[in-house]
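>>> would you be able to build a 3D model of this:
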Amino acid sequence: MLQSLELPEDLRETLEQYLTQLQKDWGADLEGLLLYGSAARGDFIAGRSNFNFLVLVRALSVSGLQRAGQLHRQWGKHQIVAPLVMTQEELSRSRYLFPLEYFQMQEHHVRLAGKDPFDARPIDRRQLGWQCEQELLANVFRIRQRFVEGEGRAEAIRALLILSITAVLPCVRGILRVIGQPSKGKDGQILESLPQALQFESTVLLEILQMKRGMNSPGSLEWLKVYERYLQALESLCRRVQTVRQESGL
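Numbers count the residues shown, from 1 in each chain. You can find the predicted model right below:
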C-alpha cells in the first residue's frame, strides 16, 4: 500500500523498515495498522509534515507500550509521530466521544496491515457539527492568546498562524460533511471549494496554507496585517458555521 502514496522513494523505504519493526514488536496482539493524516490525503510535504499511524491491538500492556517507546526513540527523527494505540472497543467509543477525530481517520486512511476497523456508517451530524463549531471558536481564542504571548512579533505570528490553519482544516472538512458537501480531497481543494459550498471567502486561509507549505511569505513588516486579516476571516467563519448549523437544525 505504501507504493500508492505520493512520497519520495527514500521516505517510502524508511517507512517500510519502521512498519516491519512495528509489526514485529506487537506480534500477535496487532489487529490493524493504518496510516492517516496528510500522507494518507496526498498532502505530505517532506521536511514539514509528519507521519501518523493508528495501531489497533487486541490487548494493551505496559510492556507493549514500552517497546513502542523504544521504537519511537529510534524512528521519531524521521517525521514519524508516536503512534495512536487503542483497542477496537476504544475506537468504536471514540466515534461518539470524538466525532471530528474519528471522522478524519475514517475519511482519509490507508490500511497497511490487518483489518480496516472503519465501516461505512455515517458519523452523527449533530455531534460532528457541534464539535467543529466548538473547535473553531477555541481556535479564535488561542490565536488571540498566542498573539499576546508572542508580543505580536513576526516569528510568533508565523508560528501561530501555521498551527491555527492546521487545526482549522479538519473542522472545515467536518462542516462540509455536516451540510452534505464533498469533504474529501487535498487541503487546497477543500479551501477552494468554500465560496460555493459554504458561501465563505477563503482567500486568506489559502494564503496561510501556502505559507505553511513554504510557498510564500510576507515581509517582516507585513505579518501584523496578515494576522489581522486571518483573525477577521476566522471570526467570520465561526459565525458562518453557527448560522449553517442553525439553518440545518443541527
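
>>> which parts of the strand or helix carrying residue 26 are buried?
Remark: residue 26 resides in helix 9-26, with elements defined by DSSP states H and E. Within helix 9-26, the residues that count as buried by 16 or more other Cβ atoms under 10 Å are 11, 14, 15, 18, 19, 22, 25, 26. All C-beta spots, glycine's among them, are computed from the backbone N, C-alpha and C.

>>> all helices for the protein, in order.
When assigned using DSSP state H, the helices of the chain occupy the ranges 9-26, 38-41, 62-75, 88-97, 99-107, 125-149, 154-178, 187-192, 194-197, 203-212, 223-247.

>>> could you dump these to a markdown table with distance to residue 32 and mean pLDDT?
Putting the helices of the chain into a markdown table (distance: least, Cβ to Cβ, whole Å; pLDDT from 0 to 100) gives the following:
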| stretch | distance to residue 32 | mean pLDDT |
| --- | --- | --- |
| helix 9-26 | 10 | 92 |
| helix 38-41 | 14 | 92 |
| helix 62-75 | 15 | 93 |
| helix 88-97 | 8 | 94 |
| helix 99-107 | 11 | 95 |
| helix 125-149 | 23 | 96 |
| helix 154-178 | 22 | 95 |
| helix 187-192 | 26 | 96 |
| helix 194-197 | 32 | 96 |
| helix 203-212 | 30 | 94 |
| helix 223-247 | 33 | 95 |
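
>>> closest to residue 52 out of those?
Smallest distance to residue 52 across the helices of the chain (Cβ to Cβ): 7.4 Å, for helix 38-41.

>>> list the contacts of stretch 172-187.
Taking contacts as Cβ atoms under 8 Å, 6 or more residues apart in numbering, the residues outside stretch 172-187 that touch it are 38, 41-43, 99-100, 103-104, 107-108, 123, 125, 128-129, 131-133, 169, 190-191, 193-194, 197-198, 209, 237, 241, 244-245, 248, 250.
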